[in-house]
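Undergrad: The amino acid sequence is not available; the structure is as follows:
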């Protein structure tokens with residue numbers, strides 16, 4: 001009997017286990033290899049897309065300059081008079097100081113800008129620069145840019161050139177990318193000037209080195225004439241002329257000096273640029289090749305271990321079954337059952353069916369409870385989040401109504417409030433997630449502040465303190481507005497005309513976003529502070545401080561216990577609120 005059960009268990013378990021392992025192992029090798037190659041291609045194309053986005057961001061600065069110096073009549077007329085004048089009036093000097101300061105601040109504040117030149121045709125050959133202000137072209141050490149200016153040109157698109165420039169003869173030349181765009185002065189038919197934006201090549205080189213995924217990966221950017229504009233550190237090893245530039249595919253392979261290279265490329269139709277990544281296939285596919293061999297080894301090892309385990313377990317199971325059958329055979333009732341036991345029968349069928357049935361029922365119940373809990377949390381979170389908007393919009397719309405009654409119909413504060421309120425509505429309805437980027441949250445909060453400054457009769461100011469590198473980090477949606485609103489509602493001392501100051505500091509520490517808001521209001525007494533903390537932590541939302549309670553509740557629903565919400569205050573000194581929560585991906 002024992003041998004019969006042993007053979008039965010081996011047959012029942014060996015083939016159903018080993019055959020799927022063999023088939024799935026084979027498929028795993030094929031699918032893993034295909035997936036890894038597709039993933040590598042996607043990662044490289046994403047790298048090129050990030051580079052394209054950064055390039056578009058840089059070129060957008062040229063468009064902003066062009067809007068000012070090509071379409072703004074006040075700026076055009078002021079600068080043209082300055083360039084043409086022999087002696088400057090007091091007003092012209094003020095305009096010049098403002099124009100030079102604006103251009104210089106833009107160049108200083110933007111890390112990738114080396115310098116900016118704005119030239120209108122004038123008899124004295126003067127040009128406005130971000131470094132030297134208004135100066136003559138002949139006195140500049142860098143005059144190569146002026147060769148690109150063509151009076152007869154009708155070209156409206158921007159174009160780029162790579163070159164090296166220095167402000168003085170004793171300086172080492174700095175490699176830059178010069179972006180040119182003709183000036184037509186609103187509706188002029190011919191060129192009347194040119195804007196030159198000089199960009200550090202090192203900025204793009206550092207950017208590509210940061211984005212580089214693989215050793216010896218060549219990344220470079222070509223213009224419409226297939227001239228290399230900028231590249232990463234290792235790009236000198238391959239010349240663009242060695243590539244098949246007629247190939248328009250996103251990804252292809254090619255032979256070069258006996259080695260196979262994988263080429264990924266991305267085309268920018270807006271600026272006629274081509275972003276290219278070139279890397280040897282033995283480098284880029286090193287991990288997939290290793291995974292293929294590991295998978296094959298794992299499959300073979302699984303086959304051996306599976307066969308050995310099945311034999312061991314079958315033998316052990318046969319002993320247990322034999323003991324059970326021996327016990328059952330002590331009665332005549334079960335002896336008849338054991339005699340009818342065939343190869344197809346399952347000794348534990350009734351027990352297994354009962355266990356499986358109970359397990360399935362329990363699993364379905366747990367799944368249903370989890371779904372109900374998730375739906376309840378989502379509904380509660382959405383209700384809490386939407387509770388802020390009607391409360392705020394109702395007050396604002398009432399003020400808009402009474403302001404409109406008092407105005408004469410011309411553009412005024414009411415139109416500004418309507419425009420800003422529309423932006424807030426779009427933010428509330430457009431973004432459905434519970435978290436937004438810090439940039440979006442700040443923009444929404446600033447819109448709210450603009451409206452409050454119009455409706456408020458008491459002066460207040462907002463001070464922002466944050467690193468622009470944090471603008472893409474995810475933070476809780478509608479986090480800043482309720483706290484600012486609370487400070488304005490409860491922190492202002494209406495008996496004095498002292499300005500309320502609110503400082504908002506945002507930084508990251510240990511993968512957590514830290515937001516601290518400090519106001520210079522009248523503060524809270526110890527008794528009221530303790531009561532406020534109890535109200536915020538209670539299950540029922542406080543009606544007096546609904547913004548704070550709402551924010552705390554949403555933090556709890558999204559981050560569970562992985563957040564901090566601290567309120568500190570001292571009477572006649574002010575109040576500070578600190579929120580700390582993990583950075584969501």
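TA: Cool, got the structure. Because the structure is predicted, anything quoted here is derived from the model rather than measured.

Undergrad: Please, where are all the helices along the stretch 51-200 of the chain?
TA: Listed in chain order, the helices of the stretch 51-200 of the chain (DSSP state H, counting those that start in this stretch) span 73-84, 90-109.

Undergrad: Single out the most deeply packed of those.
TA: Counting by mean count of other CB atoms under 10 Å, helix 73-84 has the highest mean neighbour count of these, with a mean of 16. Where C-beta positions appear, they are placed from N, C-alpha and C, glycine not excepted.

Undergrad: Show me what that helix is packed up against.
TA: With contacts defined as 3 or more CB pairs under 8 Å, 6 or more residues apart in numbering; DSSP states H and E, the packing partners of helix 73-84 are helix 2-71, helix 90-109, strand 113-120, strand 126-129.

Undergrad: I'd like the average pLDDT over that helix.
TA: What helix 73-84 shows for mean pLDDT is 89.

Undergrad: repeat for stretch 39-50
TA: On average, stretch 39-50 scores 83.

Undergrad: Stretch 437-454 now?
TA: In this model, stretch 437-454 carries a mean pLDDT of 88.

Undergrad: Repeat that for stretch 192-206.
TA: Mean pLDDT, stretch 192-206: 91.

Undergrad: Likewise for stretch 120-138?
TA: On average, stretch 120-138 scores 91.

Undergrad: contact partners of that stretch?
TA: Applying CB atoms under 8 Å, 6 or more residues apart in numbering, the contact partners of stretch 120-138 are 76, 79-80, 82-84, 96, 99-100, 103-104, 106-107, 113, 115-119, 140, 143, 146, 151, 167, 183, 185, 192-193.

Undergrad: That one: which residues count as buried?
TA: Within stretch 120-138, the residues that qualify as buried are 120, 121, 122, 126, 127, 128, 129, 130, 131, 132, 134, 137, counting by 16 or more other CB atoms under 10 Å.

Undergrad: Quick one: end-to-end distance for that stretch.
TA: End-to-end distance for stretch 120-138, by CA to CA, to the nearest Å: 15 Å.

Undergrad: Could you give the separation of it from the chain centroid?
TA: 41 Å (CA atoms, centre = their mean, to the nearest Å).

Undergrad: Quick one: closest of the helices and strands packed on helix 73-84 to residue 207.
TA: helix 2-71 (5.9 Å; CB to CB).

Undergrad: and the angle for the closest one with strand 113-120?
TA: 30 degrees (axes from the mean of the first three to the mean of the last three CA atoms, to 10 degrees).

Undergrad: Does the most centrally placed residue in the chain belong to a helix, a strand or coil?
TA: Centroid check for the chain by CA atoms, centre = their mean gives residue 472 as the closest residue, at 4.7 Å. What DSSP: H, G, I helix; E, B strand; the rest coil gives for residue 472 is coil.

Undergrad: so it makes contact with residue 436?
TA: No: in this structure residue 472 lies outside contact range of residue 436 using CB atoms under 8 Å: 10.7 Å.

Undergrad: Run through the bridge partners of the nearest residue to residue 157 once chain neighbours are set aside.
TA: Excluding the flanking residues, the one nearest residue 157 by CB to CB, 6 or more residues apart in numbering is residue 181, at 7.9 Å. With beta bridges defined as DSSP bridges, residue 181 has these partners: residue 195.

Undergrad: Compute the distance between residue 181 and residue 442, please.
TA: Distance, residue 181 to residue 442, by CB to CB, to the nearest Å: 31 Å.

Undergrad: hmm, back to that, got a markdown table for the helices of the stretch 51-200 of the chain, with distance to residue 38 too?
TA: A markdown table is the format used below for those (distance: least, CB to CB, whole Å):
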| stretch | distance to residue 38 |
| --- | --- |
| helix 73-84 | 51 |
| helix 90-109 | 41 |
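
Undergrad: To residue 48, which of these lies closest?
TA: Of all the helices of the stretch 51-200 of the chain, helix 90-109 sits nearest to residue 48, with 27.6 Å by CB to CB.

Undergrad: That closest one - contacts with which helices or strands?
TA: helix 73-84, strand 113-120, strand 126-129, strand 133-136.

Undergrad: can you list these in a markdown table and add distance to residue 264?
TA: A markdown table is the format used below for the helices and strands packed on helix 90-109 (distance: least, CB to CB, whole Å):
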| stretch | distance to residue 264 |
| --- | --- |
| helix 73-84 | 43 |
| strand 113-120 | 29 |
| strand 126-129 | 39 |
| strand 133-136 | 45 |
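
Undergrad: Quick one, which of these gets closest to residue 63.
TA: Short answer: strand 113-120, nearest of the helices and strands packed on helix 90-109 by CB to CB, at 13.4 Å.

Undergrad: Pull the distance from the closest one to the chain's centre.
TA: For strand 113-120 - counting by CA atoms, centre = their mean - the centre lies 31 Å from the chain centre.

Undergrad: What strands flank that strand, and is each parallel or antiparallel?
TA: Sheet pairing for strand 113-120, using DSSP bridges, gives strand 126-129 (antiparallel), strand 193-200 (antiparallel).

Undergrad: If I take the longest one and helix 90-109, what angle do their directions form?
TA: With the same axes, to 10 degrees as the basis, strand 193-200 and helix 90-109 are set at 30 degrees to each other.

Undergrad: Report the buried residues of strand 193-200.
TA: 193, 194, 195, 196, 197, 198, 199, 200.

Undergrad: Stretch 134-154 too?
TA: For stretch 134-154, by 16+ other CB under 10 Å, it's 134, 137, 140, 142, 145, 146, 149.

Undergrad: If we ignore the residues flanking it in sequence, what's nearest the last one?
TA: Put plainly, it is residue 149. Closest to residue 149 by CB to CB, 6+ apart is residue 194, at 4.8 Å.

Undergrad: Just to check, the one you found is in contact with residue 181?
TA: Yes: applying CB under 8 Å as the test, residue 194 and residue 181 come out as touching, 7.1 Å apart.

Undergrad: coming back round to it: save the buried residues of stretch 134-154 as JSON lines, and put in distance to residue 455 too.
TA: Shown next, in JSON lines, are these (distance: CB to CB, whole Å):
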{"residue": "134", "distance to residue 455": "44"}
{"residue": "137", "distance to residue 455": "53"}
{"residue": "140", "distance to residue 455": "52"}
{"residue": "142", "distance to residue 455": "52"}
{"residue": "145", "distance to residue 455": "50"}
{"residue": "146", "distance to residue 455": "53"}
{"residue": "149", "distance to residue 455": "51"}
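
Undergrad: Looking at these, which is nearest residue 368?
TA: residue 145 (70.9 Å).

Undergrad: And this structure, split by domain according to the record?
TA: Per automatic domain parsing, the domain ranges recorded for the chain read 72-203, 387-582.

Undergrad: To residue 272, which of those domains lies closest?
TA: Of all the domains of the chain, domain 72-203 comes closest under CB to CB, at 8.3 Å.

Undergrad: starting at the chain centroid, how far to the closest one?
TA: Going by CA atoms, centre = their mean, where domain 72-203 is centred and where its chain is centred differ by 34 Å.

Undergrad: got the end-to-end distance for that domain?
TA: 30 Å.

Undergrad: Stretch 189-205 now?
TA: One end of stretch 189-205 sits 38 Å from the other (CA to CA).

Undergrad: ditto for stretch 250-269
TA: One end of stretch 250-269 to the other measures 14 Å (CA to CA).

Undergrad: mind listing what's buried in that stretch?
TA: Within stretch 250-269, the residues that qualify as buried are 251, 261, 262, 263, 264, 265, 266, 268, counting by 16+ other CB under 10 Å.

Undergrad: Quick check: the gap between the third one and residue 282.
TA: Translated: residue 262. Separation of residue 262 from residue 282 (CB to CB) stands at 10 Å.
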